[in-house]
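Colleague: sequence below, structure please.
(one chain, ligands or ions: 1)
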Amino acid sequence: MKNRPFLQRLRHALHGGWYAFQRENSLRTQVLLAGAGSLWLLGWQASATHWLLFALASALMLAAELFNSAIEALCDHLHPERHPAIGRIKDMAAAAVLITTLPFVLSLLAPLWVYIGS
Ligand SMILES: Nc1ncnc2c1ncn2[C@@H]1O[C@H](COP(=O)(O)OP(=O)(O)OP(=O)(O)O)[C@@H](O)[C@H]1O
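Modeller: Here you go, the predicted model:
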């Protein structure tokens, strides 16, 4: 199953993303936030640098959420019963997502800072 053709791997990745999107409320919320953030930057006629920062921050946040969802799904599959260790693992994965929301919010505030400073 290793070293499959690129198009096949791409199909698997898109399938995984779509599965997570259908299953996870928080991923859908973050996609919505990224969309709303794009409208916000459009409204500010943001510079290329601000768009780049926003794109990087959004990609980081969405990727972290996908990893979080994958860890949650793995935990639930391997250990469906409640256990303090599973709770801690899920809490750590959630903390990683929380950290990535900081650059996302900062990337949205960047045009505002430039405006206030000018
Ligand atoms: N099997 C378990 N054993 C112990 N605690 C758990 C277990 N499953 C979840 N928890 C606790 O509940 C919290 C929420 O877990 P859950 O799997 O419901 O994620 P979620 O709220 O759907 O997260 P997300 O919004 O990222 O999808 C975990 O962070 C953990 O503290």
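
Colleague: how about residues contacting stretch 55-67?
Modeller: 16-17, 20, 24, 26-27, 30-31, 34, 37, 93, 96-97, 99-101, 103-104, 106-107 (CB atoms under 8 Å, 6 or more residues apart in numbering). Where you see a C-beta, it was placed from the backbone N, CA and C, and this is true even at glycine.

Colleague: if we check the ligand, which of those are in contact?
Modeller: When contact is defined as CB under 6 Å from any ligand atom, the contacts of stretch 55-67 meet the ligand at Glu24, Ser26.

Colleague: and the contacts of stretch 55-67, which of them are buried?
Modeller: 20, 24, 27, 30, 34, 37, 93, 97, 100-101, 103-104, 107 (16 or more other CB atoms under 10 Å).

Colleague: where does the residue in the chain that the ligand sits nearest to fall, secondary structure wise?
Modeller: Here the residue of the chain nearest the ligand is Gly87; by CB to the nearest ligand atom that distance is 2.8 Å. Assigned by DSSP states H and E, Gly87 falls within helix 84-117.

Colleague: can you check Arg4 too?
Modeller: Using DSSP H and E, no helix or strand contains Arg4.

Colleague: check contacts around it.
Modeller: Applying CB under 8 Å, 6+ apart to Arg4 gives no contacts.

Colleague: could you look up the SS state of the closest residue to Ala34 other than its chain neighbours?
Modeller: Using CB to CB, 6 or more residues apart in numbering and skipping residues adjacent in sequence, the residue nearest Ala34 is Ser58, 4.4 Å away. Following DSSP: H, G, I helix; E, B strand; the rest coil, the label given to Ser58 is helix.
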